[in-house]
Every structure is written in structure tokens, then in C-alpha cells.
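J.: Structure of the sequence below:
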Amino acid sequence: MILFSGQPMAARKPFWLWLETITIPLVTMALQLWMAPQSLFSAGEFPWVWLAPVLIALRYGLLPGIGSAWILVLGFFALSKYEIITSPLPRQQFLGGIILVLICGQFSDLWRRRLNKQQIALEYNEQRLTALTRDFYVTRISHDILEQNLITQPATLRNAFEELRTMIENDNASLTGEAAKNLLILLSHYNRLESAALFPVVHDRPLPHPSATLGLAFELNVEDPLVTTAIEKRTDAFYAVSQIISEKVSDYLAVIPIESYTGKLYGLLVVADMPFLALNEENLLMMKAILQYFADELSIYEESLPLRKHFPHCPPAFGKELLKLSRLKRLIDIDSALISITIPPSQKQAALLEVLEKTKRGLDLHWVHSPDSQTIILLKLMPLTSTIGAEGFLHRFSEMLMERFQATPTELSLRLDSRLLPPADLMEWLDEYIGYSHSYPLHPHLSSA
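T.: Okay, the predicted model is just below:
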């Protein structure tokens with residue numbers, strides 16, 4: 001789920017927008033009537049009063065600027081009717097003022113749209129960076145544990161996550177069932193928990209009954225200070241050693257929210273008991289990383305479920321990014337490319353896949369699709385990439401083939417195709433695209449749509 005905040009100010013605060021649109025020109029006319037009444041709407045004076053709608057147009061856009069200009073027009077006729085001003089209608093001043101407001105409003109709308117597009121693209125990149133950072137941290141933890149326990153504990157943390165991912169799919173991406181139980185077992189193994197429970201959260205309100213428990217079962221005290229702090233601030237809450245000894249007011253040692261990188265809160269891990277020496281910053285950070293990774297897997301499964309039902313072999317991360325990038329195309333018209341490389345049966349098939357893996361950039365995602373037992377279609381998703389960027393990749397890929405195999409894509413019987421993601425009807429478009437890539441021709445084909 002993607003939450004976009006790059007909306008125009010007019011959409012976020014309509015009340016204050018229209019209040020300023022009405023009051024600023026009225027206050028401007030009142031000030032000029034008080035300070036220099038003869039110069040208001042006078043053809044021989046500089047039209048200071050028109051600065052009000054110009055400022056409104058620059059700040060809020062075209063429509064509020066026009067509304068502010070109409071306030072001046074209506075104000076002129078109202079003041080003329082009650083003979084507060086006696087100057088004739090300054091047609092040239094009104095015409096020039098309205099044209100100036102239109103220009104300023106168009107300028108404001110244009111740059112607001114550009115800033116919104118850049119803001120949404122920045123938010124997308126920040127989400128991807130957050131996810132990659134968490135993955136890197138989990139990998140580092142797994143490497144350290146493997147180094148320390150290579151003989152006695154040969155299983156890595158990433159292997160445990162692979163098992164959890166399968167259980168998440170079997171439990172339909174919920175904090176219940178076998179996935180929740182095995183998450184607690186994993187935490188007890190790596191973080192030395194003795195008594196803990198997982199509590200699902202619905203609409204930012206934790207349920208009192210746990211979905212999985214470790215040790216003695218207990219109900220959640222929703223008024224506990226650690227629980228309220230974890231929910232309100234969306235951060236882990238725990239007591240320092242000195243507080244545990246002297247002034248403990250909570251029933252629990254630590255409460256850690258299970259929150260994905262998209263900001264969705266799935267539940268709480270409530271730790272009631274653990275060894276004294278295990279309650280340290282490094283252990284709590286490791287618990288938080290494991291829970292965030294688990295929450296990210298839940299989020300990935302939820303977002304990509306409709307697409308994966310249609311394409312059962314589509315990787316969850318690939319499906320999630322495909323949906324997000326299609327939504328970006330629909331909302332702010334930012335292009336992303338999907339490249340298909342069809343590899344026919346040959347002795348070089350595995351070597352060609354190895355070359356393609358080396359072309360993977362930081363944000364790229366691969367889906368190796370095999371429509372039959374022999375032909376392989378590699379779908380390469382390139383976020384925030386235009387047609388020119390996709391063609392540049394295909395050119396570099398051709399050079400790599402020439403360097404590695406001394407052959408062109410045509411000589412290797414490869415089919416290369418590049419298209420931009422559509423803003424709508426993604427599943428139908430992808431279905432047609434995969435079918436098109438599978439209808440293998442005798443010569444490679446490159447197109448950009």
C-alpha cells in the first residue's frame with residue numbers, strides 16, 4: 001500500500017485556502033480605502049490592490065486566483081453602487097489584472113505539479129531504501145550469528161525467514177496460525193525470550209487475546225504505559241536496568257510494534273520475561289529488525305496477492321513493485337520499463353541467465369518465468385526508467401553478449417523486448433506481454449510501447 005502526500009495545498013486545506021482567497025482582497029481594498037481612497041481603481045494610479053489576487057494565484061494556483069480577482073470585480077461594483085468611489089470602470093486595469101492573475105496561476109499550477117511528481121518519486125525511493133536497509137541489516141545479523149555458531153547452529157536467519165515466508169502464504173498474510181508461532185520460536189532462539197506473546201492490532205487498537213504465546217499465556221493490559229507508548233509513537237518501548245530495579249510501573253519488560261515500511265501496524269510483541277543480561281540494546285535492535293522483516297513480508301504478500309493469484313509463480317517482491325510503479329504511472333505519469341528476454345533451449349541457457357544477473361542494478365527486480373519445460377523468459381523490472389533508459393540497457397546487454405560469447409542476440413536466438421508499464425489494466429497487459437514473449441520468432445524483436 002502506497003500513501004502519497006504530495007497533493008496540492010488546495011486539496012489539503014480547502015477551508016483556509018478559500019478563507020484567504022476571500023479575506024485578503026477584501027482587507028487590501030479596505031486598507032487602500034483608508035490610506036488613499038481616491039487611488040482605489042483609479043486609471044491613473046498603480047493598481048496596488050491587484051497584488052492580492054496575484055499573490056493568491058502564486059500561492060494556491062489558478063482557480064483561487066480567479067476567485068480572488070472576482071472579489072475585486074464585485075467589490076468595485078458594490079463600492080460604486082453605494083457611491084463610496086466615483087471613478088469610472090477601469091476596463092484596461094481589470095483586463096490587465098485578470099491576465100496577470102491567469103499567468104501567475106498557470107505558473108503556480110505548473111510548478112506545483114512538477115514538485116508533486118518529484119515528491120512522490122522521492123517517497124518511492126525512500127521506501128525502497130528503507131526496505132533495502134532492513135534487508136542489509138538482517139543479512140549482517142545472519143552473517144554474525146553464522147560466524148559465531150557455525151558448528152552448533154548451522155541454520156542461518158535467512159533460512160528461517162524463508163520458512164516464515166512460506167507460512168505467511170499458507171496463513172493468508174495474517175499475524176495468526178503457524179507463522180506467528182514460528183516467529184515467536186525464532187525470536188526465542190535468537191533473542192532468548194522466556195515469556196512473550198504476539199497481539200494483533202486492528203485500527204491501531206491491540207486485541208487483548210494473543211495470537212501466539214511463548215511460556216505462560218497472558219492477556220494484554222492495553223492501558224500499560226509501554227503498550228500506549230509503542231502504539232502512539234510507533235517505536236519500541238522498554239525499561240532500562242535501573243528502572244526495572246527501582247521504579248518499575250509496567251507489567252512487561254519490552255513492547256515492540258510489528259510495523260512494515262509502508263507504516264501499517266500489524267501487531268505488538270510483548271515481552272513479559274527474559275534473562276536479565278539479554279535485555280540490552282543490541283538484542284532489542286535485533287528483535288526489532290526481525291519483526292520489521294516479518295511485517296514487510298506480510299505487506300508484500302497483501303499488496304501482490306491479486307497479481308499472484310493471476311500469476312502463481314510471480315515473486316511477491318516483483319508483483320508488489322509492479323503494482324506500485326503502475327500506480328505511479330497512473331498518478332503522476334512517471335515511466336518504468338519492463339524488459340522481457342526470451343531464452344530458447346540451448347547449452348548456453350544457464351550462462352545467459354548468469355550474465356543477466358550481473359546486469360541487475362540496485363532497484364531492478366527479476367522474474368524468471370518458464371512457460372514450458374524448456375523456454376525461459378526473464379522479465380526485468382526497471383523502476384523509474386524511460387524508453388531511452390531501457391534501450392540503453394539492451395545496448396549494454398548486447399555488448400556483454402559480444403564480450404562473453406562473441407555473438408549478437410540474433411546469433412544466440414534471443415528475443416529482446418522493452419515496454420513501458422501501463423497506468424491501468426496491469427494484469428491483462430502483463431498476460432498479453434508474457435504471451436507475446438512466449439510466441440518465439442525466428443529473429444529477435446525490439447519494441448518500445
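J.: Now do the longest helix belonging to the chain, average pLDDT.
T.: For the chain, the longest helix by residue count, based on DSSP state H, is helix 91-148. The average pLDDT for helix 91-148 rounds to 82.
J.: and what of stretch 46-65?
T.: Mean pLDDT, computed over stretch 46-65, is 88.
J.: hmm, who's touching it?
T.: For stretch 46-65, contacts defined as CB atoms under 8 Å, 6 or more residues apart in numbering pick out 8-10, 17-18, 20-21, 24-25, 27-29, 32, 39-41, 66-69, 71-72, 90, 93, 96-97, 100-102, 104-109, 112. Any C-beta I mention is one placed from the backbone N, CA and C, and that applies to glycine too.
J.: Could you verify that Leu363 is part of a helix?
T.: No. With DSSP: H, G, I helix; E, B strand; the rest coil as the criterion, Leu363 is assigned coil and is not in a helix.
J.: What about the closest residue to it other than its chain neighbours? Give its phi and psi, please.
T.: Spatial nearest neighbour of Leu363, excluding adjacent residues (CB to CB, 6 or more residues apart in numbering): Pro383 at 4.8 Å. When read as degrees, to the nearest 10, the backbone of Pro383 gives phi -60, psi 140.
J.: tell me which element Leu378 falls in.
T.: Here Leu378 sits within strand 376-382, counting by DSSP states H and E.
J.: Which residues belonging to the following helix or strand past that strand are considered buried?
T.: Using DSSP H and E, the helix or strand that follows strand 376-382 towards the C-terminus is helix 387-405. Buried residues in helix 387-405, counted by 16 or more other CB atoms under 10 Å: Ala390, Glu391, Phe393, Leu394, Phe397, Ser398, Leu401.
J.: from those, which single one is nearest Pro306?
T.: Taking CB to CB as the measure, Pro306 lies nearest Ala390 of the buried residues of helix 387-405, at 25.9 Å.
J.: Contacts only, for that closest one.
T.: The contact partners of Ala390, taken as CB under 8 Å, 6+ apart, are Ala337, Ile339, Met382, Ser418, Leu420, Ser448.
J.: For it, give its distance to Leu331.
T.: Distance of Ala390 to Leu331, computed by CB to CB, to the nearest Å: 21 Å.
J.: again, but for Ala197
T.: 40 Å.
J.: hang on, the earlier thing: can you tell me which two in the contacts of Ala390 are farthest apart?
T.: Spatially, the most separated pair among the contacts of Ala390 is Met382 and Ser448, at 12.4 Å (CB to CB).
J.: between these two, which one's more packed in?
T.: Between Met382 and Ser448, counting by other CB atoms under 10 Å, Met382 is the more crowded of the two (22 against 14).
J.: re the thing from before, packing partners for the longest helix of the chain?
T.: helix 51-60, helix 62-81, helix 157-170, helix 281-310, helix 316-332 (3 or more CB pairs under 8 Å, 6 or more residues apart in numbering; DSSP states H and E).
J.: so which of these gets nearest Ile377?
T.: Checking those against Ile377 by CB to CB gives helix 316-332 as the closest, at 13.0 Å.
J.: Quick one: work out the angle between the following helix or strand past that closest one and helix 387-405.
T.: Sequence order places strand 337-343 as the next helix or strand after helix 316-332, per DSSP H and E. Relative orientation of strand 337-343 versus helix 387-405 (axes from the mean of the first three to the mean of the last three CA atoms, to 10 degrees): 30 degrees.
J.: quick one, the helix or strand following strand 337-343 and strand 337-343 angle?
T.: Using DSSP H and E, the helix or strand that follows strand 337-343 in sequence is helix 349-358. For helix 349-358 against strand 337-343, the angle by the same axes, to 10 degrees is 160 degrees.
J.: Following element in sequence after helix 349-358, please.
T.: Next along the chain after helix 349-358, with elements defined by DSSP H and E, is strand 365-369.
J.: Please compute how far the strand holding Leu378 lies from its chain's middle.
T.: Between the centre of strand 376-382 and the centre of its chain there are 22 Å (CA atoms, centre = their mean, to the nearest Å).
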